[in-house]
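# I'd like to go over a predicted model; first the sequence, then the structure.
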2 protein chains.
Amino acid sequence: MSALVLGHKNPDTDSIISAIAAADLMSKRGIPSTAVAQGKPTPETEFVLNKFGLKAPEVVSSVAGKKVVLVDYSDLAQAPADLKDAEIIAVIDHHKLGDITTSSPLLMWVWPVGCTGTVIKHMYDYYGIEIPKNIAGGLLCAILSDTVIFKSPTTTEDDKKAVDGLMKIAGVKDYKELGMDMFKVKSAVDGVPAKDLVFRDYKDFDMNGKKVGIGQLEVIDIKMLDKCKPDLVAEIAKAKADGRHSVFLLLTDIMQEGSEMLICSDDPSVVEKAFGVKGDKSVWLPRVMSRKKDVVPKFEAAFK
Amino acid sequence: MSALVLGHKNPDTDSIISAIAAADLMSKRGIPSTAVAQGKPTPETEFVLNKFGLKAPEVVSSVAGKKVVLVDYSDLAQAPADLKDAEIIAVIDHHKLGDITTSSPLLMWVWPVGCTGTVIKHMYDYYGIEIPKNIAGGLLCAILSDTVIFKSPTTTEDDKKAVDGLMKIAGVKDYKELGMDMFKVKSAVDGVPAKDLVFRDYKDFDMNGKKVGIGQLEVIDIKMLDKCKPDLVAEIAKAKADGRHSVFLLLTDIMQEGSEMLICSDDPSVVEKAFGVKGDKSVWLPRVMSRKKDVVPKFEAAFK
């Protein structure tokens, strides 16, 4: 029986590509594995899959009775509902340690770096396994996406080293050009329903017993979002009404290097507690680029 | 400020030696670190420390406000009470994933192998850092202790490879002889209070909401324990009365390769559910050598 390798809900490029790469790596290490996903690729991820001739993983909602490898998360809220009935044999991640537990020993590669793809690149090297050219291209894009072409504060030397190695294998000459092409696709919001934009890169967190949703939209120019902002506000209000204490949506301008945060919360004062900036509906947060590094830890402290 | 590297409560040899080794490794990687412990060394660990000229880590009960590296566990029940007020920067382990969470990304090296010492040996190699001779000797003993000189079913090829490499660095010719010398020390029970024997290698688990304690005594010949068995039975009854659903004590005969389990439980039928052997006060479990591999998963299933 093949182990299932899968990323988190609302999969981003890292979550999809890391599943594909980790399935290849695990299989070559003698553990037959198949990449799956908890959702369809975003337009950005589709661009990457097409660019390098990779196939979107099958979408699954159940993993009961399976061996599973988790990539890019360790939170129950981001896992299939029946994860407790699966056997987790490995976790590969670059986030804070979540609330997933196991009943048997397992393999964990968790590094404090910008992207799970970076960890997997180093795993390939560690185990002495060659990275296929198309997977190298995918991993390269995953790192450029997660680190916002190295502009995110989550970027580390390990990420840069990985990109350097992956460019050679994938035959990519200019990573910045590739990254901008990818972010142009990501920035395209015309004709996309507001709900899809809110949930494109969205995660629920348990913060001191309260369910808190944080979405993020990264665009090349925040003005592109002016027209659809009222619809985004309406959508996060709907998401909040669905049993959440707060929903925040980061509108990140990767050229300006900052984020506007749309706020819908039972207690908007958490925003001031977290960031020292007052705002009921929206605040501008300069230099805030990374949900993981700039936003989640501050909210976790504010909710304590 | 130096990071504190610390193992679990009731520290065994792996927990103490891995803290010493990881503190050395982290410091050499540029993160100043100090080994500490949540308790004094057992006689076995003292033998190892003396044999290789290592110093017992200072005993601490608080880690508030510190950066910490956890070795050999990831369960809150095995951590200092104020761990939530510390920042966990790394976890090095070989157990199932426990319920510890973090609010920031971290480094995790978790392998499904016989000993945390094995993981640390491979970390030294990965980071290209030389292992000091005395630490190599300590790690060697930690692996021989945790794997019961390779008799435990938790033993893997990685453990054997690590022992091979560590013997050369430590200048040890015969690992079996070293292992038996160590287990002779461990087996010495004369004059030791029964309570100390019960808690020498003891862990509390949360099993489906019930607090379950499991201790283990490894001896070269189980007959050595005949005289003190009534006292052991009385001690686990006391431990159970202190708010636990069950306390089990494994008396492991490393030559016979099996364990007698002393039982004190609100519901002794869990033993039959777990092992298919009936017994109210005590059962003999052939081939059961490892709490982690042979016992905990079975009880976790039985308590579900």
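Sure, I can see it. Keep in mind that what you see is a predicted model, and the values were worked out from it rather than measured.
# and the strand ranked longest in chain A, C-alpha only, in CSV?
The single longest strand within chain A, with elements called by DSSP state E, is strand A:210-219. Extracted in CSV, the C-alpha atoms of strand A:210-219 (Å, rounded to 0.1, in the frame of the first residue of the first chain):
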residue,chain,number,x,y,z
LYS,A,210,-10.4,30.7,20.0
LYS,A,211,-10.8,29.9,16.3
VAL,A,212,-8.9,32.5,14.3
GLY,A,213,-8.6,32.5,10.5
ILE,A,214,-5.8,34.3,8.7
GLY,A,215,-5.8,34.6,4.9
GLN,A,216,-3.1,36.3,2.7
LEU,A,217,-3.2,37.7,-0.8
GLU,A,218,0.2,38.6,-2.3
VAL,A,219,0.1,41.0,-5.2
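# paired strands for it, with orientation please.
strand A:202-207 (antiparallel), strand A:246-253 (parallel) (DSSP bridges).
# between the ones you listed, which gets nearest to residue A:188?
strand A:246-253 (14.6 Å; Cβ to Cβ). All C-beta spots, glycine's among them, are computed from the backbone N, C-alpha and C.
# how far off centre is that closest one?
Relative to its parent chain, strand A:246-253 has a centroid offset of 14 Å by Cα atoms, centre = their mean, to the nearest Å.
# which outside residues touch it?
Here strand A:246-253 makes contact (Cβ atoms under 8 Å, 6 or more residues apart in numbering or on different chains) with A:148, A:198, A:210, A:212-222, A:225, A:229, A:232, A:236-237, A:239-240, A:258-267, A:270-271, A:288-289, A:291, A:295, A:299.
# low-confidence ranges in the stretch 151-300 of chain A?
The model of the stretch 151-300 of chain A has no residue with pLDDT under 70.
# get me the contact residues on it for chain B.
Residues of the stretch 151-300 of chain A found near chain B (Cβ under 8 Å from any Cβ of the partner chain) are A:154, A:292-293, A:296-297, A:300.
# could those residues be laid out in CSV, adding secondary structure?
Below are those laid out as CSV (DSSP: H, G, I helix; E, B strand; the rest coil):
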residue, secondary structure
A:154, coil
A:292, helix
A:293, helix
A:296, helix
A:297, helix
A:300, helix
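# quick one: what helix or strand has residue A:283 in it?
In this assignment (DSSP states H and E), residue A:283 forms part of strand A:282-286.
# give me the residues contacting that strand.
With Cβ under 8 Å, 6+ apart, strand A:282-286 has contacts from A:257-263, A:271, A:275, A:277, A:294.
# out of these, flag the one nearest to chain B.
Taking Cβ to the nearest Cβ as the measure, chain B sits nearest to residue A:294 out of those, at 11.7 Å.
# skip the chain neighbours and tell me the closest residue to that closest one.
Excluding the flanking residues, the one nearest residue A:294 by Cβ to Cβ, 6 or more residues apart in numbering or on different chains is residue A:288, at 4.4 Å.
# just say helix, strand or coil for the one you found.
Residue A:288 - assigned by three-state DSSP - is coil.
# wait, it sits on residue A:296?
No: using Cβ atoms under 8 Å, residue A:288 is not in contact with residue A:296; the gap is 11.3 Å.
# all strands for the stretch 51-200 of chain A, in order.
Along the stretch 51-200 of chain A, counting by DSSP state E, counting those that start in this stretch, strands occupy A:58-59, A:67-71, A:87-93, A:107-110.
# now do residue A:52 against residue A:172, distance only.
As judged by Cβ to Cβ, to the nearest Å, residue A:52 and residue A:172 stand 10 Å apart.
# all helices for chain A, in order.
Remark: helices assigned in chain A by DSSP state H are A:13-28, A:43-52, A:116-127, A:133-146, A:157-170, A:175-187, A:194-200, A:229-241, A:269-275, A:296-303.
# could you dump those to JSON lines with mean neighbour count?
What follows is the helices of chain A, written out as JSON lines (neighbours: other Cβ atoms under 10 Å in any protein chain shown):
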{"stretch": "helix A:13-28", "mean neighbour count": "27"}
{"stretch": "helix A:43-52", "mean neighbour count": "20"}
{"stretch": "helix A:116-127", "mean neighbour count": "23"}
{"stretch": "helix A:133-146", "mean neighbour count": "26"}
{"stretch": "helix A:157-170", "mean neighbour count": "19"}
{"stretch": "helix A:175-187", "mean neighbour count": "18"}
{"stretch": "helix A:194-200", "mean neighbour count": "18"}
{"stretch": "helix A:229-241", "mean neighbour count": "16"}
{"stretch": "helix A:269-275", "mean neighbour count": "17"}
{"stretch": "helix A:296-303", "mean neighbour count": "19"}
